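Asks: I need the structure of the sequence given here:
(one chain, ligands or ions: 1)
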Amino acid sequence: AELRLWGGRFTGASDPLMDLYNASLPYDQKMYAADLEGTRVFCQGLQKINLLTEHELSEVDRGLTVIEKEWASGTFVAQANDEDIHTANERRLGEIIGRDIAGKVHTGRSRNDQVATDMRIYVREALKDLQDILGKFISVIVTRAQEEIDVLMPGYTHLQKAQPIRWSHWLSMYATYFTEDYKRLTQIIERVNQSPLGAGALAGHPYGIDREFLAQGLGFSGVIGNSLTAVSDRDFVVETLFWSSLFMNHISRFSEDLIIYSTGEFGFIQLADAYSTGSSLMPQKKNPDSLELLRGKSGRVFGNFAGFMMSLKSIPSTYNKDMQEDKEPLFDGLTTVEHSILIATGVISTLNINKKKMFDALTMDMLATDVADYLVRKGVPFRECHHISGECVRTAEETNVALNELTLEQFKNIDSRFGDDIHETFDFEMSVERRTCTGGTAKSAVLAQLENLKKQLN
Ligand code: ARG
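Replies: Modelled structure (predicted):
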């Protein structure tokens, strides 16, 4: 028991299964770099208040550098008693620079402020990396939308054909969602990036360590203003997992649309071979597995979020071991989101669209609203126009013709205010071009959206 950090007051041996149950090293070693950096800066803080000499500090530095190389090259050898990354690094430091000096690095520090610090550094860096690849994903969507601006397709509500839109407008819709996710990340990173270091186990550092100095050294933008909050707060994990869940929700809807568009019945898009798989039985099959996994993994990420919320609720203040349960859902969520962004980027940059199928899916009844708008321009109140246009749709349906195939006489029989020019309404491109308002389907409006999105990424 004396081999353990906390072994002094213990006499009995622990249950080996308890050791396994308790250990977090298998997954928290991901944070080794943050842990070493935290110790490096903490020791600078100790040196500032004369708890370490210059020489001792440089020995610590030397040792930490060796350990960093060991982790990076995969040569770090974990020992049976290495409970977690903090224990493992401190044990190793003692082996390299001697226990006399290594035994001082934890002065006034607790694994409680240490783990919170490591986690915040790790999450901050992970979110910055995610933001980077998310920005690239959005750029790919925007570029594609600019290139294929002339392609028309049906827009849907209730998955029923509604009104004609541009394919680029659909792309821009998701780029808009993802841009909000991108901006939301900036706000979350700001809240993550607050320093708990120097809070000790819960009550603060007894030798007046300069917490602002520690924060600055670790790239934090401020310190957490209460030591109890500093060690007990895992809201930054919750927020990260919430963000991940919401992002994956967007990814899931995006994927679902594309899965539908890739069916034989729609045929709007075809995935590249790189993101499809075949069937072991049916030779003709090409399945959109990439999209189905993107959709499916949204459930997994939400599970991480919901699960950790349950772990966190009802934990009394301040640190309790329940909090170690933040790591696996967090790391799994971050990795899943990272891979999902990369896969979604691959999918959208390589899929082929079938412009003809998209255009051919447009049907004249989708211009019924435009027929109503035609009458609005003749001064008829919209409610009445809607009703009249509805009658036109019904007549066309009853006589088994497309809406534009009704004769002028038939139109005039329904309402005398229809004029010779009614047939000019039946033009999909014109319908789309009429919607020039901000956020509308007109080419100018879509291009403006795309420009605006690009600006928000910088
Ligand atoms: N491995 C622990 C965790 O991840 C580190 C903190 C341990 N603190 C403690 N008081 N036991 O939460």
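Asks: so where do the strands sit in the stretch 351-458 of the chain?
Replies: Counting by DSSP state E, counting those that start in this stretch, the stretch 351-458 of the chain has strands at residues 352-353.
Asks: residues in the stretch 251-400 of the chain within reach of the ligand, list them.
Replies: Residues of the stretch 251-400 of the chain that fall close to the ligand, judged by CB under 6 Å from any ligand atom: Tyr319, Lys321, Met323, Gln324. No exception for glycine: its C-beta is placed from N, CA and C like everyone else's.
Asks: Could you rerun that using 5 Å?
Replies: The stretch 251-400 of the chain comes close to the ligand at residues Gln324, as judged by CB under 5 Å from any ligand atom.
Asks: where exactly do the helices run in the stretch 251-400 of the chain?
Replies: Residue ranges of the helices in the stretch 251-400 of the chain, as given by DSSP state H, counting those that start in this stretch, are 289-312, 327-350, 355-360, 368-377, 382-398.
Asks: Adding mean neighbour count and mean pLDDT as columns, could you present these in a markdown table?
Replies: Converted to a markdown table, the helices of the stretch 251-400 of the chain look like this (neighbours: other CB atoms under 10 Å; pLDDT from 0 to 100):
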| stretch | mean neighbour count | mean pLDDT |
| --- | --- | --- |
| helix 289-312 | 18 | 98 |
| helix 327-350 | 20 | 98 |
| helix 355-360 | 15 | 98 |
| helix 368-377 | 18 | 95 |
| helix 382-398 | 15 | 96 |
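Asks: looking at those, which is closest to Ile138?
Replies: Across the helices of the stretch 251-400 of the chain, Ile138 has its closest neighbour in helix 327-350 (9.4 Å, CB to CB).
Asks: that older thread, right, so of the helices of the stretch 251-400 of the chain, which gets closest to Arg417?
Replies: Nearest of the helices of the stretch 251-400 of the chain (CB to CB): helix 368-377, 6.2 Å.
Asks: Can you tell me which helices and strands the closest one packs against?
Replies: Where contact means 3 or more CB pairs under 8 Å, 6 or more residues apart in numbering; DSSP states H and E, helix 368-377 is packed against helix 382-398, helix 428-434.
Asks: out of everything not next to it in sequence, what's closest to the closest residue to the ligand within the stretch 151-300 of the chain?
Replies: Distances between the stretch 151-300 of the chain and the ligand by CB to the nearest ligand atom are smallest at Ala201, namely 7.0 Å. Nearest residue to Ala201, sequence neighbours excluded (CB to CB, 6 or more residues apart in numbering): Ser110, at 3.7 Å.
Asks: Within the helices and strands, which one has Asp150?
Replies: Under the criterion of DSSP states H and E, Asp150 resides outside all helices and strands.
Asks: Tell me how many other residues surround it.
Replies: Neighbour count for Asp150, taken as other CB atoms under 10 Å: 11.
Asks: what's near enough to touch it?
Replies: By CB atoms under 8 Å, 6 or more residues apart in numbering, the residues touching Asp150 are Arg166, Lys443.
Asks: and the gap between it and Asp360?
Replies: With the distance defined as CB to CB, to the nearest Å, Asp150 ends up 15 Å from Asp360.
Asks: Strands of the stretch 151-300 of the chain, start to end?
Replies: 152-157, 160-166, 194-195, 222-223, 269-270.
Asks: Tabulate the ones you listed (JSON lines), appending mean neighbour count and mean pLDDT.
Replies: JSON lines is the format used below for those (neighbours: other CB under 10 Å; pLDDT from 0 to 100):
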{"stretch": "strand 152-157", "mean neighbour count": "18", "mean pLDDT": "98"}
{"stretch": "strand 160-166", "mean neighbour count": "19", "mean pLDDT": "97"}
{"stretch": "strand 194-195", "mean neighbour count": "24", "mean pLDDT": "98"}
{"stretch": "strand 222-223", "mean neighbour count": "17", "mean pLDDT": "98"}
{"stretch": "strand 269-270", "mean neighbour count": "20", "mean pLDDT": "98"}
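Asks: Any idea which of these gets closest to Pro381?
Replies: That would be strand 160-166 among the strands of the stretch 151-300 of the chain, by CB to CB, at 20.9 Å.
Asks: Extract the residue ranges of the stretch 1-150 of the chain that are flagged as low pLDDT.
Replies: Where the stretch 1-150 of the chain drops to pLDDT under 70, the residues are 1-3.
Asks: Write out the residues of it neighbouring the ligand.
Replies: Residues of the stretch 1-150 of the chain lying near the ligand (CB under 5 Å from any ligand atom): Ser24, Asp84, Arg111, Val115.
Asks: ok, 6 Å please
Replies: So the stretch 1-150 of the chain meets the ligand at Ser24, Asp28, Asp84, Arg111, Asn112, Val115 (CB under 6 Å from any ligand atom).
Asks: mind listing what the second one touches?
Replies: Same thing as Asp28. Asp84, Ile85, Val115, Asp118, Lys327.
Asks: residue contacts, the third one?
Replies: When you say that, I think you mean Val115. Asp28, Asp84, His86, Met323.
Asks: Without its sequence neighbours, what residue ends up closest to the residue in the stretch 201-350 of the chain that the ligand sits nearest to?
Replies: Of all residues in the stretch 201-350 of the chain, Gln324 sits closest to the ligand, at 3.7 Å by CB to the nearest ligand atom. Leaving aside its sequence neighbours, Gln324 sits nearest to Ser24 (CB to CB, 6+ apart; 5.3 Å).
Asks: Out of the contacts of Val115, the closest to Arg417 would be?
Replies: Met323 (70.9 Å).
Asks: what's the pLDDT at that closest one?
Replies: Met323 is assigned a predicted lDDT (pLDDT) of 97.
Asks: That one against Arg234, yeah?
Replies: Yes - applying CB atoms under 8 Å as the test, Met323 and Arg234 come out as touching, 6.0 Å apart.
Asks: between these two, what contacts are shared?
Replies: In contact with both Met323 and Arg234: Leu312, using CB under 8 Å, 6+ apart.
Asks: How far off centre is the longest helix anywhere in the chain?
Replies: Of all the segments of type helix in the chain, defined by DSSP state H, the longest one is helix 111-147. Taking CA atoms, centre = their mean, to the nearest Å, one finds helix 111-147 lying 8 Å from the centre of the chain it belongs to.
Asks: buried residues in that helix?
Replies: For helix 111-147, the buried set under the neighbour-count rule, 16 or more other CB atoms under 10 Å, comprises 111-127, 130-131, 134-135, 137-138, 140-142, 144-146.
Asks: now stretch 99-112
Replies: Ile101, Ala102, Lys104, Val105, His106, Thr107, Gly108, Arg109, Ser110, Arg111, Asn112.
Asks: between the residues you listed, which is nearest the ligand?
Replies: Arg111 (3.8 Å).
Asks: what about Ile353, how many neighbours?
Replies: Around Ile353 there are 16 residues (other CB under 10 Å).
Asks: List the beta-bridge partners for it.
Replies: With DSSP bridges applied, Ile353 shows beta-bridge pairing to Ile269.
Asks: Got the domain ranges for this structure?
Replies: 7-107, 112-150+166-355, 364-456 (automatic domain parsing).
Asks: Same list, those, but as TSV with distance to Thr157 please.
Replies: Putting the domains of the chain into TSV (distance: least, CB to CB, whole Å) gives the following:
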stretch	distance to Thr157
domain 7-107	44
domain 112-150+166-355	13
domain 364-456	11
